[in-house]
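In: Structure for the following, please:
(chains A and B)
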Amino acid sequence: MNEHEEMVAADGHAAPDDHAAHNVAKHVRKYLLVGATLITFTAITVFLSYVNFGTMKANVAVAMLVATFKAALVAAIFMHLSNEKRLIYRILVFTAFFVLGLFFLTYLAWYDPVTR
Amino acid sequence: MEIPYTVTARPDTGLWNAKVGIWLFLASEVMLFGGLFSAYVFLRLDANPGEWPHGLLNVPVGTMNTAILIASSVTVVLAWAALKMRRYRAYWWYMLVTILCGVIFLVVKLAYEWPQKFEHFGAFIKPDKLEKYEQYLGNHHLAERGLAPRLEISGHLENKEAINDPNAKEYEIAMDPVNADPTNPNMDRPHFLYVPHTEKIAKIEKEDVERISSFGPWHSAYFASYFTITGLHGAHVLGGVLVFIYMWLPVSKRLYKRNPEHLANRVEVAGLFWHFVDLVWIFVFPLFYLL
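Out: Numbering: from 1, shown residues only, chains lettered A, B, ... in the order given. Coordinates of the predicted model:
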């Protein structure tokens, strides 16, 4: 009897199916690895912010690139988006569309065909 | 009344209901924070040279808080995994660590980072008087290097009463290192370690000052957006912690005994919210602390 089965017995509950529980057990290492990666990349972001890439714009671009990578890791692994049902993706496509529209409004604020 | 589809999938969506619900909610959250971030972009890109400050926040403390939030994201997903494996003890411990991480994050923010800002003052010098305070601003040096000018003298305001005293003629500011030694090339860029203000006092005539205030949200567009976004983010952390406490208390053990998969799904949904809060911080940290 392995540790997992022992715990199940001790709690007096069977997992919904043993296959699913084993899958979760496999993922635990992955979660720890992703956590370590995220903290490493936090350190990298801090370090890169003190490197002079020429202009502030370049530094912002580099930092946002790293942040986007980290955010993608959180979304894909912790939030299970790498393996989700179609309905969730549909909701997110809408969200992406509207949030891009929101940032486009900011861009429009500078678009002044009369004076520029 | 029995709430339907808490553990089984609804045939038409293929998902249990709370999963759809939390993603719709997170979609609205994306719009909420998206609006604030686009305001940040607008304010920052529209700022004149020297108006957007750099290096005013404590980077080591911010880095630590980032790591704490990431660690709590790991523990909450491990808590969920423990429930899936029906290991309640492990779940209880992971949840406790998650709650503690959230509390530490909030305490650092509310008891240390924010109050420090309210004790720190900055005086914006009138544009035509900048030359008079060149010894504290070092703008000739900055111009030679093609860097943005300094418009402000900051540090600890020794005579706070002068702000409201019509008879007071000048402010006495124990300057931050940037103003105490402005032509030192070391001061051209922000530092990693937080350096406290020096003992060197600048006397600034009140009539040369455009405006003076503590580093609160009223100080500048930078601090207005900093307090708005970190404030809203902090409110989310608080909300998450309260929900986690509920799921950690004995009342949830009863649900576990009745229907463990239901509790696991609740934790998954609360976890999704928590990861989103972590994700927002991943952008907040570089934008406000580092750049």
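In: Please make it C-alpha for all contacts and neighbour counts, starting now.
Out: Noted.
In: Now do the helices in the stretch 151-291 of chain B.
Out: Ranges of helices in the stretch 151-291 of chain B, per DSSP state H, counting those that start in this stretch, are B:177-180, B:221-248, B:250-258, B:260-284.
In: Pick the most deeply packed of these.
Out: helix B:177-180 (a mean of 24; mean count of other Cα atoms under 10 Å in any protein chain shown).
In: How about the residues of the stretch 101-250 of chain B by chain A?
Out: Residues of the stretch 101-250 of chain B found near chain A (Cα under 8 Å from any Cα of the partner chain) are B:190-192.
In: try 10 Å this time
Out: Counting by Cα under 10 Å from any Cα of the partner chain, the stretch 101-250 of chain B comes close to chain A at B:147, B:189-192.
In: And the residues you listed, which is closest to residue B:68?
Out: Of all these, residue B:192 has the smallest distance to residue B:68: 18.6 Å, by Cα to Cα.
In: out of everything not next to it in sequence, what's closest to residue B:130?
Out: residue B:151 (7.2 Å; Cα to Cα, 6 or more residues apart in numbering or on different chains).
In: any idea how far the one you found lies from residue B:53?
Out: Here residue B:151 is placed at a distance of 10 Å from residue B:53 (Cα to Cα, to the nearest Å).
In: And for residue A:34?
Out: 33 Å.
In: do residue A:100 as well
Out: Distance, residue A:100 to residue B:53, by Cα to Cα: 27 Å.
In: who has more neighbours, these two?
Out: Higher neighbour count among residue A:100 and residue B:53: residue B:53, with 20 against 13, using other Cα atoms under 10 Å in any protein chain shown.
In: Is that one in contact with residue B:291, as I believe?
Out: Yes: applying Cα atoms under 10 Å, one finds residue B:53 in contact with residue B:291, separated by 9.0 Å.
In: which residues touch residue 102?
Out: All of this refers to chain A. A:96, B:31, B:34-35, B:37-39 (Cα atoms under 10 Å, 6 or more residues apart in numbering or on different chains).
In: you looked at the wrong chain, it should be chain B
Out: Residue B:102 makes contact with B:65, B:68-69, B:71-73, B:96, B:234, B:237-242, B:244, B:274, according to Cα under 10 Å, 6+ apart.
In: wait, which of those residues is closest to chain A?
Out: Nearest to chain A among these, counting by Cα to the nearest Cα, is residue B:71 at 6.6 Å.
In: For the nearest residue to residue B:206 once chain neighbours are set aside, give its distance to residue B:122.
Out: If the residues on either side of it in the chain are set aside, residue B:206 comes closest to residue B:170, at 4.8 Å by Cα to Cα, 6+ apart. Noted for residue B:170: a distance of 14 Å to residue B:122, by Cα to Cα.
In: following the host helix or strand of residue B:60, which helix or strand comes up?
Out: Per DSSP states H and E: residue B:60 is located in helix B:59-84. Past helix B:59-84, further along toward the C-terminus, the next helix or strand under DSSP H and E is helix B:88-107.
In: ok now that next one, how far from the chain's centre?
Out: Distance of helix B:88-107 from the chain centroid (Cα atoms, centre = their mean, to the nearest Å) equals 20 Å.
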